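Asker: build me a model from this:
(chains A and B)
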Amino acid sequence: KQEVTQIPAALSVPEGENLVLNCSFTDSAIYNLQWFRQDPGKGLTSLLLIQSSQREQTSGRLNASLDKSSGRSTLYIAASQPGDSATYLCAVRGFQKLVFGTGTRLLVSP
Amino acid sequence: SAVISQKPSRDICQRGTSLTIQCQVDSQVTMMFWYRQQPGQSLTLIATANQGSEATYESGFVIDKFPISRPNLTFSTLTVSNLSPEDSSIYLCSVGGAVYTEAFFGQGTRLTVV
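Answerer: Numbering: from 1, shown residues only, chains lettered A, B, ... in the order given. Down below sits the predicted model:
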């Protein structure tokens, strides 16, 4: 059974810092990995999708890497802003099903 | 990308009643997914809804409690029946059925049972 863990569970940083969020998964037989952002009480916004054959994806200040063999992904956020404050979730896709991590709650203070 | 409209965005319901959540997608999709997110927890898949067939439920979720309709390729409803305080959660619908495609989510429905 696939298990997805995210570290740290919570992170508080001052504005402008570069930061790394970690995601690990137990079963490397995945099709892809997706990073999401969730604002309090809201739905999920897709940030980046990495296919199993890819090593990384970039979108603006966000960069996500994937090391499938070791069961790890990282989300790098450059020059963090208060508007980045949210919960970040990673999810891995096996056959037909997405399995979500526990999330990292990020607070960026001005 | 897909745009998903989910209604209602939030509701407060009495114990023992039911709530029906609607999910409308701006394009035709084969599969729609319903998730539950309990307070402070991550997302758990409730069921997968295919048009024209019975929904497929995950372990721990049953049709009597979570009946799902999928009348066409752009719409689905999830009903949470016989509500109890333990049903207080955020419910989300999602699309992105093929294994290599991106998943998209609705805005979520925040349900509080009193």
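Asker: list the neighbouring strands of the one helix or strand in chain A whose mean pLDDT sits lowest plus their orientation.
Answerer: When the helices and strands of chain A are compared on mean pLDDT, DSSP states H and E, strand A:98-100 comes out lowest with a mean of 92. Using DSSP bridges, strand A:98-100 pairs in its sheet with strand A:86-93 (antiparallel).
Asker: how about the residues of chain B by chain A?
Answerer: Residues of chain B lying close to chain A (CB under 8 Å from any CB of the partner chain) are B:1, B:4, B:6, B:10, B:33, B:42-45, B:48, B:90, B:92, B:94, B:97, B:99-100, B:102-108, B:110. Bear in mind the C-beta positions are built from the backbone N, C-alpha and C, glycine included.
Asker: buried among those residues? Make that a PyMOL selection.
Answerer: Filtering those down to the buried ones (16 or more other CB atoms under 10 Å in any protein chain shown) takes a single PyMOL command:
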select buried, chain B and resi 4+6+33+42+43+45+48+90+92+94+103+104+105+106+107+108+110
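Asker: OK, contacts around the closest residue to B:I68 other than its chain neighbours?
Answerer: Excluding its sequence neighbours, the residue lying closest to B:I68 (CB to CB, 6 or more residues apart in numbering or on different chains) is B:A55, at 4.1 Å. Neighbour list for B:A55: B:A47, B:T48, B:A49, B:I63, B:I68, B:R70 [criterion: CB atoms under 8 Å, 6 or more residues apart in numbering or on different chains].
Asker: quick one: the second one from B:K65, how far?
Answerer: Distance of B:T48 to B:K65, computed by CB to CB, to the nearest Å: 16 Å.
Asker: for residue 50, list each beta-bridge partner.
Answerer: Using chain A. A:L33.
Asker: not what I meant, chain B
Answerer: Note on B:N50: beta-bridge partners by DSSP bridges are B:M31.
Asker: check B:F105 too.
Answerer: For B:F105, the beta-bridge partners under DSSP bridges are B:S94.
Asker: looks like it contacts B:I90 (just checking).
Answerer: No - the criterion here is CB atoms under 8 Å, and B:F105 misses it with B:I90 at 10.5 Å.
Asker: gap between the helix or strand containing B:I12 and the chain center?
Answerer: According to DSSP states H and E, B:I12 maps onto strand B:10-13. From the chain centre to the centre of strand B:10-13 is a distance of 15 Å (CA atoms, centre = their mean, to the nearest Å).
Asker: quick check: buried residues in it?
Answerer: Neighbour-count burial for strand B:10-13 [16+ other CB under 10 Å]: B:C13.
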